[in-house]
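Colleague: Just need the structure, nothing else, for what follows:
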Amino acid sequence: MAAFPSFESVLLQIAKVLGANREMSSKAKSKFKDSDMSIAHLSETWIKILDDISDILDLSENAKKDLKSNINVDYQRHKAIELGVYSSKATQQKIIWQYLARVLIPALARHTVFWQIESKMDEGMPSGIFWYLPTFGFENDPNQLHLPVPQVLDWLIDLIQDSNTTIANNIEDDLGIKNNFGTVLKNLYNWKKAKSTPEISTINNTFPNEVNIKFNGCFTPNKQSSQFDQALSFIKKKGILPSALQHEIAINEDDLKRILNADCSNEEQQDFIQKTRNTISDPKYKNNTPKIINS
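Modeller: The predicted model follows:
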């Protein structure tokens, strides 16, 4: 019979993905996962892991306190479910899926919304999508689950407007990579296919600040002609349908259909120009590594 995961095992997995808590031995992790240690030692381990996660994410002291408070609430909820669940013949995969869909992801979404009341984590990114949660594909495959890392990577590559091979080759040329040529392309492929969740160190090594990336897919209107006409031409050239565009800029599909047919007021035109410029603009490369990490 498959077991419901303990909250300690979930915390260890999060720490592993983030590259935190590296010095903890396998034996100690096993004891922590099963709560096979004294209360005092268990508490110390909890604090140590949460501090490591906070440091990796470069959280402020106030944010650290909020994280620990949020985690404590989530732990109590998780424990109540864990003790009340009878998994019967369910597979481990089904248990984890139900746990993610009904418990962990909603909790993360709720915390993230409150954390972004004063400042956005995804500043400069399209506002119609919750980037750090899984979502269903739009135009490509409505039934396909789109995970956070591929989502953010697709957005970044679309702004660069080049093939994965060219992007990878340019990065490796900038970094002077000779011996491990092809590693960046392999990383991009694995991340887009969600074959693995990259650790922070891998993201930092793939997209360091030293790399010079040109964003050729951004909307940068000039003063030589109507900016509204330029915005319409830009969207048409990119081939973005209203059903997909509504998830990138905060305008609903019906209004977008009118705007793209130039059936709109001057006020709507200006709103469309501003939102297109803000959403599909140069994301300032040095801010993108944290966005991939947060996803």
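Colleague: Only C-alpha atoms from now on, for both contacts and neighbour counts.
Modeller: OK.
Colleague: For the residue nearest to Leu256 when sequence neighbours are not counted, grab the count of nearby residues.
Modeller: Leaving aside its sequence neighbours, Leu256 sits nearest to Pro242 (CA to CA, 6 or more residues apart in numbering; 5.8 Å). Neighbourhood size, Pro242 [other CA atoms under 10 Å]: 20.
Colleague: So what's the residue count around Thr276?
Modeller: Other residues near Thr276 number 24, with proximity taken as other CA under 10 Å.
Colleague: In contact with it, which residues are there?
Modeller: Contacts for Thr276 were tallied using CA atoms under 8 Å, 6 or more residues apart in numbering; they are Phe219, Ala231, Ile249.
Colleague: before we move on, the earlier item: my guess is the residue nearest to Leu256 contacts Asn261. True?
Modeller: No. The pair Pro242 / Asn261 is not scored as a contact, 11.0 Å apart, by CA atoms under 8 Å.
Colleague: Which positions within the longest helix belonging to the chain qualify as buried?
Modeller: With secondary structure taken from DSSP state H, the chain has its longest helix at helix 61-84. For helix 61-84, burial by neighbour count (16 or more other CA atoms under 10 Å) applies to Lys64, Leu67, Lys68, Ile71, Asp74, Tyr75, His78, Glu82.
Colleague: just stretch 273-284 next, same as before
Modeller: By 16+ other CA under 10 Å, the buried positions in stretch 273-284 come out as Ile273, Lys275, Thr276, Arg277, Asn278, Thr279, Ile280, Ser281, Asp282, Pro283.
Colleague: so how many other residues sit close to the residue lying closest to the second one once chain neighbours are set aside?
Modeller: Nearest non-adjacent residue to Lys275, counting by CA to CA, 6+ apart: Ile249, 6.1 Å away. Close neighbours of Ile249, defined as other CA under 10 Å, add up to 22.
Colleague: Next one, pLDDT for Gln92 please.
Modeller: pLDDT recorded at Gln92 is 85.
Colleague: Just give the number of residues close to the nearest residue to it once chain neighbours are set aside.
Modeller: Excluding its sequence neighbours, the residue lying closest to Gln92 (CA to CA, 6+ apart) is Ala2, at 5.2 Å. Other residues near Ala2 number 14, with proximity taken as other CA under 10 Å.
Colleague: And for Glu44?
Modeller: Glu44: 11 surrounding residues under other CA under 10 Å.
Colleague: isn't Asp52 right next to Gly19, touching?
Modeller: No. Judged on CA under 8 Å, Asp52 makes no contact with Gly19 at a distance of 9.1 Å.
Colleague: Just give me how far the helix or strand harbouring Val184 sits from the chain centre.
Modeller: Val184 is part of helix 183-192 when elements are defined by DSSP states H and E. Mean-position distance between helix 183-192 and its chain equals 16 Å (CA atoms, centre = their mean, to the nearest Å).
Colleague: What is the subsequent helix or strand relative to that helix?
Modeller: With DSSP H and E, the next secondary element past helix 183-192 is helix 200-206.
Colleague: pLDDT of the very next helix or strand once past that following helix, averaged?
Modeller: Sequence order places helix 227-238 as the next helix or strand after helix 200-206, per DSSP H and E. Helix 227-238 shows a mean pLDDT of 92.
Colleague: could you point out which element follows helix 227-238?
Modeller: Next along the chain after helix 227-238, taking DSSP H and E as the criterion, comes helix 242-245.
Colleague: Only alpha carbons, please: show that next one as CSV.
Modeller: Extracted C-alpha coordinates of helix 242-245, given in CSV (Å, rounded to 0.1, in the frame of the first residue of the first chain):
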residue,chain,number,x,y,z
PRO,A,242,-6.8,36.8,-29.0
SER,A,243,-7.5,33.5,-27.0
ALA,A,244,-3.8,33.3,-26.2
LEU,A,245,-3.0,37.0,-26.0
